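In: Structure for this input, please:
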Amino acid sequence: MSNKIKAVVVYSGGMDSYTVLHRAIAEGREVYALSFNYGQRHSKELLVAAEVCKSLNVPHKIVDISAINQLMAGSSLTSDVDIPEGHYAEESMKNTVVPNRNMVLLSMAIAYAVSLEAPEVHYGAHAGDHHIYPDCRPEFVHAMNAVSQIANYQAVEIVTPFLNSSKGEILAAGLGMNLDYNQTWTCYNGREKACGKCGACNERLEAFAEQNTQDPLAYEV
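Out: Numbers count the residues shown, from 1 in each chain. Now for the predicted structure:
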């Protein structure tokens, strides 16, 4: 029987959660990866996530919660709304907010952790998202963490190792672990190549430029 601490990692297939996943493994956690199909525009990131978990021999669940999409409408990530191009600092990026997404996903991750008797749920909230996404801000994370301590007979801690880190700092941590970011998908579009124009691509490319490193992904532009 393993003496490792069990941890559920909310794993989207993107850069941040990819780094969180590997960090948890490096810390000696017994990791259970959890991904969600919540009706997002494409499933490419989920396919990438599945491939990574298979290569790492990490147990991985992809949970289809797309039926609740009808309750989370209005976002360009889930509805028939054009995905804005540009930087997250622009007001237009607010239409990429999926209503209450992280509260919903974390609630299910906590439930999964309780069923596994795992005392931790890890997820990749970071400082770069604070401006646009209320459910990535420290006050949200701290409040959810307080609730997760009392919502079940078993307390679960929400672990956010990069809560106050920039995307570049997350990338630096991953490069320090020799991670291959070709095994991630960030773009809001699910085409063969990343678009290079959406907010997610812009932030990713800025992070690589900040680290003076070439992004291994292929881009349309």
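
In: now for the strand or helix carrying residue 174, which elements pack on it?
Out: Here residue 174, judged by DSSP states H and E, is contained in helix 167-176. Here helix 167-176 touches helix 15-26, helix 199-210, going by 3 or more CB pairs under 8 Å, 6 or more residues apart in numbering; DSSP states H and E. Using the backbone N, CA and C atoms, a C-beta is placed for each residue, glycine as well.

In: hey, which of these is tucked in deepest?
Out: helix 15-26 (a mean of 23; mean count of other CB atoms under 10 Å).

In: Check which helices and strands that helix sits against.
Out: Against helix 15-26 (3+ CB pairs under 8 Å, 6+ apart) you get strand 6-10, strand 30-37, helix 44-56, strand 120-122, helix 167-176.

In: Now render the ones you listed as JSON lines, adding mean pLDDT and distance to residue 195.
Out: JSON lines is the format used below for those (pLDDT from 0 to 100; distance: least, CB to CB, whole Å):
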{"stretch": "strand 6-10", "mean pLDDT": "98", "distance to residue 195": "24"}
{"stretch": "strand 30-37", "mean pLDDT": "96", "distance to residue 195": "21"}
{"stretch": "helix 44-56", "mean pLDDT": "96", "distance to residue 195": "12"}
{"stretch": "strand 120-122", "mean pLDDT": "98", "distance to residue 195": "29"}
{"stretch": "helix 167-176", "mean pLDDT": "96", "distance to residue 195": "17"}
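
In: Can you give me the distance of residue 160 to residue 187?
Out: According to CB to CB, to the nearest Å, residue 160 stands 24 Å off from residue 187.

In: what's the biggest helix by length in the chain in contact with?
Out: Longest helix in the chain by number of residues (criterion: DSSP state H): helix 101-116. Under the contact criterion CB atoms under 8 Å, 6 or more residues apart in numbering, helix 101-116 has outside partners 6-8, 10, 32, 34, 36, 38, 61, 63, 65, 68, 72, 118-121, 123, 125, 133, 135-136, 140, 144, 148, 151-154, 156, 158.
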